[in-house]
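Undergrad: Sequence below, structure please.
(chains A and B)
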There are 2 protein chains.
Amino acid sequence: MAAEAVEEEEVINKQIILKHYVTGFPNESDLQLKTTAIRLKIPADTPNAILVKNLYLSCDPYMRSRMSNLKGSYVESFIVGSPITGYGVSKVVDSTHPDFNKGDFIWGFTVGWEEYSLITDTQSFFKIQHTEIPLSYYTGILGMPGMTAYVGFYEICSPKKGEKVFISAAAGAVGQLVGQFAKLLGCYVVGSAGSSEKVDLLKNKFGFDEAFNYKEEEEDLNAALKRYFPDGIDIYFENVGGKMLEAVLLNMRLHGRIAVCGMISEYNLEKPPGVQNLFNLISKRIRMEGFLVFDYFHLYSKFLEMILPHIKEGKVDYVEDLAQGLENGPAALIGLFSGLNVGKQLVVVSHE
Amino acid sequence: MAAEAVEEEEVINKQIILKHYVTGFPNESDLQLKTTAIRLKIPADTPNAILVKNLYLSCDPYMRSRMSNLKGSYVESFIVGSPITGYGVSKVVDSTHPDFNKGDFIWGFTVGWEEYSLITDTQSFFKIQHTEIPLSYYTGILGMPGMTAYVGFYEICSPKKGEKVFISAAAGAVGQLVGQFAKLLGCYVVGSAGSSEKVDLLKNKFGFDEAFNYKEEEEDLNAALKRYFPDGIDIYFENVGGKMLEAVLLNMRLHGRIAVCGMISEYNLEKPPGVQNLFNLISKRIRMEGFLVFDYFHLYSKFLEMILPHIKEGKVDYVEDLAQGLENGPAALIGLFSGLNVGKQLVVVSHE
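TA: Residues are numbered from 1 along each chain as shown, chains lettered A, B, ... in the order given. Predicted structure coming up:
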């Protein structure tokens, strides 16, 4: 009665697995390359599944917390001994799902860090309709970071033309877009980044009005912000937390808004120091709002309508930092936490 | 040609003056009673002025910062050697202003801490229309603290029936009202206060569902909040900052709101410790918004329409802590910062 499974030849399936949970700053050695095998055929009696070849894997700051043994967080811990997972772009090689066909490209959450994945829960994936754009962009400008920039800036910051906008980690996957959105709206835009190369990108590629190197050139962040914002900051797009947030609070204008997207400076600290200057929230009537892009994916098609023409007309640029090959994934991911990446960090598993 | 001033008899005008700017915790000895004299007649050639007899003076937490030598704050420092100033209720004894007549009662900002004041800028004063309510209420429920509770709760917190509300410094001038507003809306309401007497008031007079003594009975604020809010806090009305805010952040629910009204725990610290747990703003998508009542006084008549029937029908209670006599003003004001007051602290200069 049971259908006899067709025997398919197995192929090698390299994976990046988590060796153990991490405290403090992570190392490449917390991750491990493992070679397994997989049959390129969905097992019998597995409806609504897709088997995919993974092309591009996204390195994102939130992944740090998943390397820890979390309880009650908004994301789940990775599973020790299993491939880590995240956003990715993949090609369907087999499908028992009515919405997906062999040869389709998809992006979404979560793809395993491995060459091939069997996906039985497809609800967090989008089928890629616009394949004329580089497919890697679906880990960045057209994927989660792009949506994050869009939602954080337009939905949370309530921006108005002419306002003064500051962005930390401005050369990252999200920051570079927020700055360009703000420029398109007619704002004055300043970004901070951690190297002169990134500062150069911000000013000369992304069209920021000003940018500064917080790591090597500005010991006194308060003084730096006062210099770039003599009249104060209307909008702060927060990616880093800690000392930068403290300095920003001192330099906000009345009725300013802070979109809290990330606090990467704190992710590797077991006990991050507290943030001072919060009284400025009162004296300057500041709205500070955290958000997660997960709540806004219903706006994705609206976002595409806005961003695709900008990309095609060259009004919005996007810089990626590509690590070639799955085996270079661990270094790429860990490098993100000390800012080694220039632009959106991703891992190229295969170009097709 | 010049009009000859009519000689009026001078009367004694006691004042409370600031002796010097203060750092750290203030003392009664930072203030001083001074006896001067005043003529109860507006000087000639002084149009649009009123001379008032001060009845009730309001003791408010924000006054602490005015005792320091501030620069660029949202309020100005008091002037050393001059009477301190604040909100108050006064009776007009002479007027050259077309809108005010002798015998009118007014409330507003700022009245000097003295028996009589000459006011040449009347724009921050309201004429009291409803004199059937105790006039002292215009330093509290019908004055700035009442407006603060109204604006902070309804405009900033976006409250909905059934939501879980936590209020710190809940027995104070503002907190007691926020809790009652939340109960009227059908919320679950818990307050913290610093004595068993205040906790008793919260539960048995103001109708809070629960209340706890953070100073004497709850060493672990996080554990206390988990006990009172097993499913988390939707709305936090922030009056204290510091450790309480840190514990609240751990216990907020998704999409919670924090109205930042005050941070009294920090006002006497030269370098307040930073606040931890801000990452919860992201993971729980929390909106944290500071506000100042000054921005909302255009809503005052709308507020009165709401609150007056509640007072008359006994649906809203208000507890005042009255210090009798201007000479007891310094102790009353300083006592506020260690929570000696039970309810709204004010100073009775004269009942009429």
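Undergrad: residues making contact with stretch A:228-236?
TA: If you take C-beta atoms under 8 Å, 6 or more residues apart in numbering or on different chains as the criterion, stretch A:228-236 is touched by A:157, A:159-160, A:163-168, A:182, A:187, A:190, A:210, A:212, A:225, A:248, A:251-259. (Glycine included, C-beta is placed from N, CA and C.)
Undergrad: what mean pLDDT does it have?
TA: Here stretch A:228-236 scores 98 as its mean pLDDT.
Undergrad: Likewise for stretch A:271-286?
TA: Per-residue scores along stretch A:271-286 average to 95.
Undergrad: Go through it and flag the buried ones.
TA: A:272, A:274-286 (16 or more other C-beta atoms under 10 Å in any protein chain shown).
Undergrad: again with stretch A:103-111
TA: Going by neighbour count (16+ other C-beta under 10 Å), the buried part of stretch A:103-111 is A:104-111.
Undergrad: and the two most separated of these?
TA: The span of the buried residues of stretch A:103-111, defined through C-beta to C-beta, is set by A:104 and A:110 at 17.8 Å.
Undergrad: Close to chain B: what parts of the stretch 251-352 of chain A are there?
TA: Contact residues (C-beta under 8 Å from any C-beta of the partner chain) of the stretch 251-352 of chain A with chain B: A:260-263, A:266, A:271-276, A:278-292, A:295.
Undergrad: Now the residue in the stretch 51-200 of chain A that chain B sits nearest to. Nearest residue, chain neighbours left out?
TA: Residue of the stretch 51-200 of chain A nearest chain B, by C-beta to the nearest C-beta: residue A:74 (4.2 Å). Counting by C-beta to C-beta, 6 or more residues apart in numbering or on different chains, residue A:74 lies nearest to residue B:283, which is 4.2 Å off, once chain neighbours are set aside.
Undergrad: Tell me who's in contact with the one you found.
TA: Per C-beta under 8 Å, 6+ apart, neighbours of residue B:283: A:73-74, A:290, A:292.
Undergrad: how close does it get to residue B:255?
TA: 12 Å (C-beta to C-beta, to the nearest Å).
Undergrad: swap in residue A:129?
TA: According to C-beta to C-beta, residue A:129 stands 31 Å off from residue B:255.
Undergrad: Then residue A:194?
TA: For residue A:194, the distance to residue B:255 - C-beta to C-beta - is 33 Å.
Undergrad: The two: which has the busier surroundings?
TA: Using other C-beta atoms under 10 Å in any protein chain shown as the criterion, residue A:194 and residue B:255 rank with residue A:194 on top: 21 against 14.
Undergrad: pretty sure that one is in contact with residue A:339, am I right?
TA: Yes: counting by C-beta atoms under 8 Å, residue A:194 touches residue A:339, with 4.2 Å between them.
Undergrad: Identify the contacts common to the two.
TA: residue A:215.
Undergrad: Now do the contacts for the residue in the stretch 201-350 of chain A that chain B sits nearest to.
TA: Per C-beta to the nearest C-beta, residue A:274 is where the stretch 201-350 of chain A lies closest to chain B, at 2.5 Å. Listed by C-beta under 8 Å, 6+ apart, the contact set of residue A:274 reads B:246, B:273-276.
Undergrad: let's see 10 Å
TA: By C-beta atoms under 10 Å, 6 or more residues apart in numbering or on different chains, residue A:274 lies in contact with A:242, A:246, B:242-243, B:245-246, B:272-278.
Undergrad: ditto for residue A:140
TA: For residue A:140, the contact set (C-beta under 10 Å, 6+ apart) comprises A:56, A:58, A:60, A:87, A:89, A:134, A:146, A:149, A:173-174, A:176-177, A:318-321, A:343-346.
Undergrad: gap between the longest strand anywhere in chain A and the chain center?
TA: Assignment by DSSP state E gives strand A:85-95 as the longest strand of chain A. Distance of strand A:85-95 from the chain centroid (C-alpha atoms, centre = their mean, to the nearest Å) equals 17 Å.
Undergrad: Can you list the strands that that strand pairs with?
TA: strand A:50-58 (antiparallel), strand A:105-112 (antiparallel) (DSSP bridges).
Undergrad: Averaged pLDDT, it. What do you get?
TA: What strand A:85-95 shows for mean pLDDT is 97.
Undergrad: ok so, going back, I'd like to know which of the contacts of stretch A:228-236 are buried.
TA: Listed as buried from the contacts of stretch A:228-236 are A:157, A:159, A:163-168, A:182, A:187, A:190, A:210, A:212, A:225, A:248, A:251-253, A:256-259; burial here means 16+ other C-beta under 10 Å.
Undergrad: Secondary structure added to the buried residues of stretch A:271-286, as CSV?
TA: Output for those, formatted as CSV (DSSP: H, G, I helix; E, B strand; the rest coil):
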residue, secondary structure
A:272, coil
A:274, coil
A:275, strand
A:276, coil
A:277, coil
A:278, coil
A:279, coil
A:280, helix
A:281, helix
A:282, helix
A:283, helix
A:284, coil
A:285, coil
A:286, coil
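Undergrad: Thank you, goodbye.
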